[in-house]
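K.L.:
structure for this input, please:
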Amino acid sequence: MLRMTFRYAEHTLRLNVERALLFGMRIDFSPFGWDWLDIGLNRTAQWSGDGRPGDLDTFWHLLVGEDNRVNGVTFENEPGNQLAGVDYRLKIEDWRIAQYGQVVGEDEETYLPDANMILFGIEHWGELRDWNASWRIYYEWADTRAGHLLADPDSGHRRNRAYNIAYNHSIYREGYRYKGRSIGHAIDGDGLMRSLGAFIVKDNGDLYGLKFRSYAINRDGLGPNSVSIDPLEGKSIEFFGESNLPIFQSSDLRIRLGLHYIDETNIRTGKDSDDFGGSLSISKQL
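P.N.:
The predicted structure is shown next:
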């Protein structure tokens, strides 16, 4: 048995190439009816826009992956800026453990993603019956340097393909970024993040969580990055909670509290900085 979903999205983005389009599709399936394994295939592409070809023929070349500058593809007719990848989640229900991962390629080599970014994680969950709640803990590691799993790392220009590649492009110069934020991972390209977190969710919807992160941002400090133009290394801890706030006999008034502490070093200047802050919000469903 094969379970599959297909999603398609296309949005207009205002990048340096005005009125560029973002195309995306994703296929999710469980092979052979294995409910303990989920696999996802995804592709996105920036294409068209002012001064760029946007006809059906161009879209077809983009769809079949003919966008490297070989075999007649030039700067003038290059279809777009693509990302493609595969992700999976492997679940052992009896042990309440799941392991997941993702590989996303900035380029294509022999019809497979190349110059890859990678992410791996593991999670464990259970119940707190006295609290009418469930809990979940996880550890996740992500590296957005596009130099992993190169098909042939010693060949030609691919030898040094690592930094300043992820989410960037020679035509769509702002890359996979929109309104100052990365469309991909929150740390943008050339980053490394390790995360450890725990959550408790009660049956009534109350939520409590704790996260610890260790990270490096824009590691070589040369490429564009939506988080920082300088290389940064740091650690952070965050607590948040969300609960109903019964006022005036209202059960849909909710309060959310967040606290965080960040300790960070600018590798270029050697300057250390820290920050402690919090947030409080109250919302009501209409």
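K.L.:
surely residue 190 and residue 224 touch.
P.N.:
No: counting by CB atoms under 8 Å, residue 190 sits too far from residue 224 to count as a contact (9.7 Å). Just so you know, the C-beta spots here come from the backbone N, C-alpha and C atoms, and that holds for glycine as well.
K.L.:
quick one: which of the two has more around it?
P.N.:
Neighbour tally, residue 190 and residue 224, criterion other CB atoms under 10 Å: the higher count belongs to residue 190, 29 against 16.
K.L.:
residue boundaries of the helices in the chain?
P.N.:
56-63 (DSSP state H).
K.L.:
residue ranges with poor pLDDT in it?
P.N.:
Counting by pLDDT under 70, the chain contains low-confidence ranges at 1-15, 108-111, 149-161, 246-251.
K.L.:
what sits in contact with each of residue 190 and residue 224?
P.N.:
residue 164 (CB atoms under 8 Å, 6 or more residues apart in numbering).
K.L.:
look up the closest residue to residue 177, ignoring the ones flanking it.
P.N.:
Nearest residue to residue 177, sequence neighbours excluded (CB to CB, 6 or more residues apart in numbering): residue 226, at 5.0 Å.
K.L.:
how about residue 54?
P.N.:
residue 48 is the one closest to residue 54 (CB to CB, 6+ apart), at 3.2 Å.
K.L.:
and for residue 189, the neighbour number?
P.N.:
Residue 189: 29 neighbours (other CB under 10 Å).
K.L.:
over to residue 122?
P.N.:
15.
K.L.:
list the contacts of it.
P.N.:
Per CB under 8 Å, 6+ apart, neighbours of residue 122: 97, 98, 99, 100, 138, 139.
K.L.:
tell me the one of these nearest residue 123?
P.N.:
residue 138 (3.9 Å; CB to CB).
K.L.:
if we can go back for a sec, okay, the contacts of residue 122 in JSON lines with neighbour count next?
P.N.:
Shown next, in JSON lines, are the contacts of residue 122 (neighbours: other CB atoms under 10 Å):
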{"residue": "97", "neighbour count": "13"}
{"residue": "98", "neighbour count": "19"}
{"residue": "99", "neighbour count": "13"}
{"residue": "100", "neighbour count": "18"}
{"residue": "138", "neighbour count": "17"}
{"residue": "139", "neighbour count": "14"}
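K.L.:
ok, residue 282 - contacts?
P.N.:
Contacts of residue 282 (CB under 8 Å, 6+ apart): 245, 253, 254, 255, 256.
K.L.:
what is it paired to in the beta sheet?
P.N.:
residue 255 (DSSP bridges).
K.L.:
excluding its backbone neighbours, what's nearest the residue nearest the centre of the chain?
P.N.:
Geometric centre of the chain, nearest residue: residue 185, 3.1 Å, by CA atoms, centre = their mean. Leaving aside its chain neighbours, residue 185 sits nearest to residue 144 (5.2 Å; criterion: CB to CB, 6+ apart).
K.L.:
state the distance from the residue nearest to residue 177 to residue 178.
P.N.:
9 Å (CB to CB, to the nearest Å).
K.L.:
counting neighbours, go ahead and name the busier of those two.
P.N.:
With neighbours defined as other CB under 10 Å, residue 226 and residue 178 compare such that residue 226 has more, 23 against 15.
K.L.:
ramachandran angles for that one?
P.N.:
With angles defined as degrees, to the nearest 10, residue 226 sits at phi -80, psi -10.
K.L.:
going forward, count from 30.
P.N.:
Renumbered: residue one is now 30, and that last one reads residue 255.
K.L.:
wait, it sits on residue 210?
P.N.:
Yes: between residue 255 and residue 210 a contact is recorded at 5.6 Å, counting by CB under 8 Å.
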